[in-house]
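Chemist: sequence plus predicted model, see below.
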Amino acid sequence: MPIRRLLAASAFALALVAGAAHAQVPLGSVETAVEGVTPKVVAWRRDLHANPELGFAETRTAGMVAEHLRSLGLEVRTDVGKTGVVGILRGGRPGRTVALRADMDALPVLEATGLPFASTATGTYMGNTVPVAHACGHDAHVAMLMGAAEVLAGMKDEIAGTVVFIFQPAEEGAPPGEPKGGAALMIEEGALRDPRPDAIFGLHVVPGRPGTLWYRPRGFMAASDRIDITLRGRQTHGAWPWKGVDVISASADVVQTINSLTARTIDPTTTPTVFTIATLDAGVRYNIIPDQAVLSGTLRTFDIAQRDDLVRRAEIAIGNVAENYGAIAEFGVRQNAALVFNDEALSGWLAPVLEEAAGEGNVNPGAPPTTVAEDFSYLSQEVPGVFYHLGGSADGVDPATSPPNHSPSFDVNEAVLPVGVKAHVLTALRFLERR
């Protein structure tokens, strides 16, 4: 754990047990305010859904956010991490600082939801014109945090401290040609400075029972690495494979080697690990064995030492496979997101606060880890944080059969939007109400 984060976590743990709490804003007042802003949240979500933008191209979205925050009287900084927006709400009394974060970017996905406000937008990805859709729920994230900002701004005089609203671009990873994704770039450009938060919270909509919230202390969401492999051989006629170096057969062995390395050398009951090759680009004609094959994939891990060892062994094994065929292998790794590590003291404190938002029996603070990733991890490396999930499946639908995030049919049950707004508002209020 970085020293700065260890010191911040220690200070937070001491603060949790020190002194009496500030007077609380009544839950009823919060619920009334959230009910009042909900029609706007729904309208914002639909507008954003119909007008999605890819990472670092969220200019319309960022403009909409900045205009709203300024209308509330907040201090607003734009172009933080290219298209990121930071809003600062200073309460009527001095106190600590808490940050709330939402991500803004969409995906290169052709939407198939059939919604009346479904996206027909396009964008540019890897030099190609592609369909764009909010297939991961970031439209709902932005709308909920805009709603929370409005609710909290209306309670400004009752707030002892400062709330920082972070609207982040490029959560889905650094676009091709960009060295950093949105969270890392926003940190580099000062999103967590002036003022520096004492804690940060974020949420993500996923398939789940509508309106439920869940998370776990420590490792919650996996670290994510992008793997790139290039095999170089010698082109030949498909009828004479022995006269060339067959990178197609080598590619097949590489995939099987990676699958075996993960399945046969890692104990999945202690540290969940997923190593997937997802793309293979090779050849242009059915009867020509090409001279090059390019593979890419993702590695998801929860243990740094184990991850480093697996990467080391994979590079050696892939090199051996290539050598067996007479080919040459190039192996590259790039981290997309670190492990989402939920601060233990903050996690323990948060459960009753989220229960205020979602209702009794609707919060699970001991959920299993998940192998999907989130670059919120970089923010919570800087200051103590907790990231949690909000169930957003359709009413009456088994979450296990709901279209997953990144699916063309992924959608968010709009009935859960007020729960997300309340969760944002109450985590900020209750954190600042403690001394």
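Modeler: Here it is on my side, so go on. The model shown is predicted, which means the values in this text are computed figures rather than measured ones.
Chemist: Thr162 pairs with what?
Modeler: Legend: beta-bridge partners of Thr162 under DSSP bridges are Arg90, Thr97.
Chemist: now do the one 4 residues further on
Modeler: Judged by DSSP bridges, the bridge partners of Ile166 are Val86, Arg101.
Chemist: hmm, Thr97 and it touching each other?
Modeler: No: here Ile166 does not reach Thr97: they are 12.0 Å apart, not a contact under CB atoms under 8 Å. Every residue, glycine included, has its C-beta placed from N, CA and C.
Chemist: and those two? which has more neighbours close in?
Modeler: Set side by side, Ile166 and Thr97 show more neighbours around Ile166, with 27 against 22, by other CB atoms under 10 Å.
Chemist: please tell me how far that one sits from Val86.
Modeler: Plainly put, Ile166 is 6 Å away from Val86 if you go by CB to CB, to the nearest Å.
Chemist: what separates the most centrally placed residue in the chain from Thr265, distance-wise?
Modeler: The chain has Glu374 as the residue nearest its centroid, 3.0 Å off, counting by CA atoms, centre = their mean. Applying CB to CB, the value for Glu374 to Thr265 is 27 Å.
Chemist: and the residue nearest to Ala367 when sequence neighbours are not counted, its phi and psi?
Modeler: Leaving aside its chain neighbours, Ala367 sits nearest to Trp214 (4.0 Å; criterion: CB to CB, 6 or more residues apart in numbering). Main-chain torsions, Trp214, degrees, to the nearest 10: phi -150, psi 160.
Chemist: wait, Trp214 sits on Val206?
Modeler: No: judged on CB under 8 Å, Trp214 makes no contact with Val206 at a distance of 9.2 Å.
Chemist: which residues are in contact with both of the two?
Modeler: Shared between the contact lists of Trp214 and Val206 (criterion: CB atoms under 8 Å, 6 or more residues apart in numbering) are residues His389, Gly391.
Chemist: got a list of contacts for whichever strand or helix holds Val205?
Modeler: Following DSSP states H and E, one finds Val205 within strand 199-206. Residues outside strand 199-206 that contact it (CB under 8 Å, 6+ apart): 12, 98-102, 137, 140-141, 144, 166, 192, 213, 343, 346, 350, 374, 376, 379-380, 383-392, 404-405, 412, 416, 420, 423-424, 427-428, 431.
Chemist: please, a ChimeraX command that selects the buried ones among the residues you listed?
Modeler: Buried residues within the contacts of strand 199-206, by 16 or more other CB atoms under 10 Å, are selected in ChimeraX with:
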select :12,98,99,100,101,102,137,140,141,144,166,192,213,343,346,350,374,376,379,380,383,384,385,386,387,388,389,390,391,392,405,412,416,420,423,424,427,428,431
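Chemist: from the contacts of strand 199-206, which land in helices?
Modeler: Under the assignment DSSP state H, those contribute 12, 140-141, 144, 346, 350, 376, 379-380, 420, 423-424, 427-428, 431 to helices.
Chemist: what's the closest of these to Ala314?
Modeler: The closest of these to Ala314 turns out to be Phe376 (CB to CB; 26.8 Å).
Chemist: for the closest one, what are its contacts?
Modeler: Phe376 makes contacts with Arg101, Glu171, Ala183, Gly202, Val340, Gly385, Phe387, as judged by CB under 8 Å, 6+ apart.
Chemist: of all those residues, which two lie farthest apart?
Modeler: Glu171 and Gly385 (14.7 Å).
Chemist: now the helix or strand containing Phe331: buried residues?
Modeler: Here Phe331, judged by DSSP H and E, is contained in strand 328-337. For strand 328-337, the neighbour count (16+ other CB under 10 Å) marks Ala329, Phe331, Gln335, Asn336, Ala337 as buried.
Chemist: that strand pairs with which strands?
Modeler: strand 223-232 (antiparallel).
Chemist: need the CA coordinates for the partner strand. PDB is fine.
Modeler: Extracted C-alpha coordinates of strand 223-232, given in PDB (Å, rounded to 0.1, in the frame of the first residue of the first chain):
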ATOM      1  CA  ALA A 223      -6.700  -5.600 -11.500                       C
ATOM      2  CA  SER A 224      -6.800  -5.500 -15.300                       C
ATOM      3  CA  ASP A 225      -3.900  -5.900 -17.700                       C
ATOM      4  CA  ARG A 226      -4.000  -5.800 -21.500                       C
ATOM      5  CA  ILE A 227      -1.900  -8.500 -23.100                       C
ATOM      6  CA  ASP A 228      -0.500  -8.100 -26.700                       C
ATOM      7  CA  ILE A 229       1.300 -10.900 -28.500                       C
ATOM      8  CA  THR A 230       2.800 -10.800 -32.000                       C
ATOM      9  CA  LEU A 231       4.000 -13.900 -33.700                       C
ATOM     10  CA  ARG A 232       6.300 -13.500 -36.700                       C
END
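Chemist: done for today, thanks.
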